[in-house]
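Engineer: Task: produce atomic coordinates for the following.
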Amino acid sequence: MNTFTDTTSKKGHNPIVQKTVYSVLFSIAFAHLLNDLMQVVIPSSYPLLKQNFHLSFTQIGLITFVFQLTASLLQPFIGFYTDKSPKPYSLVIGMIFTISGLAFLSQSSSFWMLLVSVSFVGIGSSIFHPEASRVAFLGSGGKRGLAQSIFQLGGNTGSAIGPLLVALIVAPHGQSYIIWFVIAGVLGMIILSKIANWYQNHLDLRASKKIFLEGGTVHFSKSKVNISIAILLLLIFSKFFYMASMSSYFTFYLMHKFGLTIQQSQFHLFIFLASVAAGTLIGGPLGDRFGRKYIIWISILGAAPFTLMLPYANLFWTGALSVIIGVILASAFSAILVFAQELMSGKVGMISGLFFGFAFGMGGLGSAVLGYLADQKSIEYVYKISSFLPLIGVITYFLPNMKKKKANN
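Structural biologist: Below is the predicted model:
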């Protein structure tokens, strides 16, 4: 039996509800793992690149900005286009761009070549995420929060493993060893080609009205939807601006404040990113059960006490607090994304592209701004300033109660 199939009946004329297709969810999550593993090679290689090219923190921030800019600007447009005309095999094309970018990065000999290389990886990301998120949505069987959490778990796990592999493979041997990560891309292409076959078959079945997807939608006024989307984007800003301080500069912070080596600091980054991966599964299922608004409250505002303590902690408590922060913040994105998808039914690709793109954009902008602050002030100053960002979570109060609205429909 083909594992990439819908739980549908092809006999008779009545459409039946599609159940959650876990084989597809875990397959797209693994592809997300490979995709984000390759992407995180860029920030994980910053200490090595800084040393090789004598880069300032501002230049490191610019590298991240270019990567995140190319990843963010295209995503909403790609999502909008594929809402109207889905392109299952574009997933493979996105992986090809990412592979090309890493190959160029391994051979780059100037700062400008670095920028070109990371832009290719960014384009690959912009193609991959909207359609991959749609696959998770279509395979959810109505369990949208769970599906997005599984999908995000793959990406966050890849982001956690990447720095560890860079520390083991690239740091001891040099920049040229980045080429080995192309192997992950080739494996990703194989998996995504199989997913694309399921995706195309699923589209054909839905077009023939043999299946329909479980899970209702909610309806608000246009102004209420627009205000809610703006609030959700502001919450994304607070989350990913803070996350930029951790993903791009946590290693430098640890090396500066506690005198750790590159390998030791990469291990701490791995622990933080692993906690992000572990916390990812919390937000989606709990949002399905109790309401996404409450999970967003906890996951953004709830991180504030711990981010405020981090700049004043010793090495042990810095590590412990980073784990707590990672787990709490990680539960936010799946809940926020599905909240937005339910607000704007029928625009899964555009919403996924907008929110993934905005997240990448805020991460890039945050990295550039915080890198400039690190050059002008100090790396410790960056963590004192960014620690206040989760307090923005208080605006969650103004979001509508989706579960109550559903109950009234």
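
Engineer: got any ranges where the stretch 201-350 of the chain has weak pLDDT?
Structural biologist: Applying pLDDT under 70 to the stretch 201-350 of the chain flags the ranges 207, 209-219.

Engineer: hey, where'd the helices end up in it?
Structural biologist: For the stretch 201-350 of the chain, the helices defined by DSSP state H, counting those that start in this stretch occupy 222-258, 262-290, 292-301, 304-309, 315-330, 332-343, 348-376.

Engineer: Of the ones you listed, flag the one that's most buried.
Structural biologist: Neighbour counts (mean count of other C-beta atoms under 10 Å) averaged over each of the helices of the stretch 201-350 of the chain peak at helix 332-343, with a mean of 27. Heads up, the C-betas are built off the backbone N, CA and C, glycines and all.

Engineer: quick revisit: of all the helices of the stretch 201-350 of the chain, which one is nearest Q59?
Structural biologist: Set against Q59 and scored by C-beta to C-beta, the helices of the stretch 201-350 of the chain come closest in helix 348-376, at 7.9 Å.

Engineer: Heading C-terminal from the closest one, find the next helix or strand.
Structural biologist: Beyond helix 348-376 on the C-terminal side, the first helix or strand identified by DSSP states H and E is helix 379-386.

Engineer: what is the orientation angle of that following helix with helix 315-330?
Structural biologist: 40 degrees (axes from the mean of the first three to the mean of the last three C-alpha atoms, to 10 degrees).

Engineer: by how many degrees do helix 379-386 and helix 348-376 diverge?
Structural biologist: What separates the directions of helix 379-386 and helix 348-376 is an angle of 140 degrees, with the same axes, to 10 degrees.

Engineer: Quick one: distance of helix 379-386 to the chain centre.
Structural biologist: Taking C-alpha atoms, centre = their mean, to the nearest Å, one finds the center of helix 379-386 at 23 Å from the center of the full chain.

Engineer: Show me what that helix is packed up against.
Structural biologist: helix 222-258, helix 348-376 (3 or more C-beta pairs under 8 Å, 6 or more residues apart in numbering; DSSP states H and E).

Engineer: related to what we said a few turns ago, how about the helices of the stretch 201-350 of the chain, which one is nearest G158?
Structural biologist: Of all the helices of the stretch 201-350 of the chain, the one in closest proximity to G158, counting by C-beta to C-beta, is helix 262-290 (8.5 Å).

Engineer: helices or strands up against that closest one?
Structural biologist: Right, helix 262-290 is packed against helix 46-53, helix 144-165, helix 171-173, helix 222-258, helix 292-301, helix 315-330, helix 332-343 by 3+ C-beta pairs under 8 Å, 6+ apart.

Engineer: residues contacting I328?
Structural biologist: If you count contacts by C-beta atoms under 8 Å, 6 or more residues apart in numbering, I328 has them with 279, 298-299, 302-303, 306.

Engineer: need those residues in a markdown table with distance to K87, can you?
Structural biologist: Putting the contacts of I328 into a markdown table (distance: C-beta to C-beta, whole Å) gives the following:
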| residue | distance to K87 |
| --- | --- |
| G279 | 32 |
| I298 | 37 |
| S299 | 32 |
| G302 | 38 |
| A303 | 37 |
| F306 | 41 |
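
Engineer: for the stretch 1-150 of the chain, which spans come out with low pLDDT?
Structural biologist: Residue ranges of the stretch 1-150 of the chain with pLDDT under 70: 1-18.

Engineer: show me where it has strands.
Structural biologist: With DSSP state E, counting those that start in this stretch as the definition, the stretch 1-150 of the chain shows strands at residue ranges 16-18.

Engineer: All the helices of it, residue numbers only.
Structural biologist: Under DSSP H, counting those that start in this stretch, the stretch 1-150 of the chain gives helices at 22-39, 41-44, 46-53, 57-84, 90-107, 111-138, 144-165.

Engineer: Using a markdown table, please lay out these together with mean neighbour count and distance to Y199.
Structural biologist: Shown next, in a markdown table, are the helices of the stretch 1-150 of the chain (neighbours: other C-beta atoms under 10 Å; distance: least, C-beta to C-beta, whole Å):
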| stretch | mean neighbour count | distance to Y199 |
| --- | --- | --- |
| helix 22-39 | 24 | 8 |
| helix 41-44 | 26 | 27 |
| helix 46-53 | 18 | 35 |
| helix 57-84 | 22 | 11 |
| helix 90-107 | 21 | 8 |
| helix 111-138 | 24 | 6 |
| helix 144-165 | 26 | 14 |
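
Engineer: Mind checking those helices for the one nearest to N226?
Structural biologist: When these are compared (using C-beta to C-beta), the closest one is helix 57-84, at 15.2 Å.

Engineer: tell me which strands and helices that closest one is in contact with?
Structural biologist: For helix 57-84, the contact count by 3+ C-beta pairs under 8 Å, 6+ apart identifies helix 41-44, helix 46-53, helix 111-138, helix 222-258, helix 348-376 as packing neighbours.

Engineer: Tell me which of those lies nearest to V327.
Structural biologist: Closest of the helices and strands packed on helix 57-84 to V327 is helix 222-258, at 12.8 Å (criterion: C-beta to C-beta).

Engineer: That closest one versus helix 292-301: what angle between them?
Structural biologist: Helix 222-258 runs at 30 degrees relative to helix 292-301, counting by the same axes, to 10 degrees.

Engineer: change the start of the numbering to 371 and stick with it
Structural biologist: Done: numbering now begins at 371, and the last item shifts to helix 592-628.

Engineer: the inter-axis angle of helix 592-628 versus helix 416-423?
Structural biologist: Between helix 592-628 and helix 416-423, the angle formed by their directions is 70 degrees, by the same axes, to 10 degrees.

Engineer: Next, the angle helix 427-454 makes with helix 592-628.
Structural biologist: Helix 592-628 and helix 427-454 meet at an angle of 150 degrees, taking the same axes, to 10 degrees as the criterion.

Engineer: list the helices and strands helix 592-628 packs on?
Structural biologist: Helix 592-628 sits against helix 416-423, helix 427-454, helix 632-660, helix 662-671, helix 685-700, helix 702-713, helix 718-746, helix 749-756, with contacts defined as 3+ C-beta pairs under 8 Å, 6+ apart.
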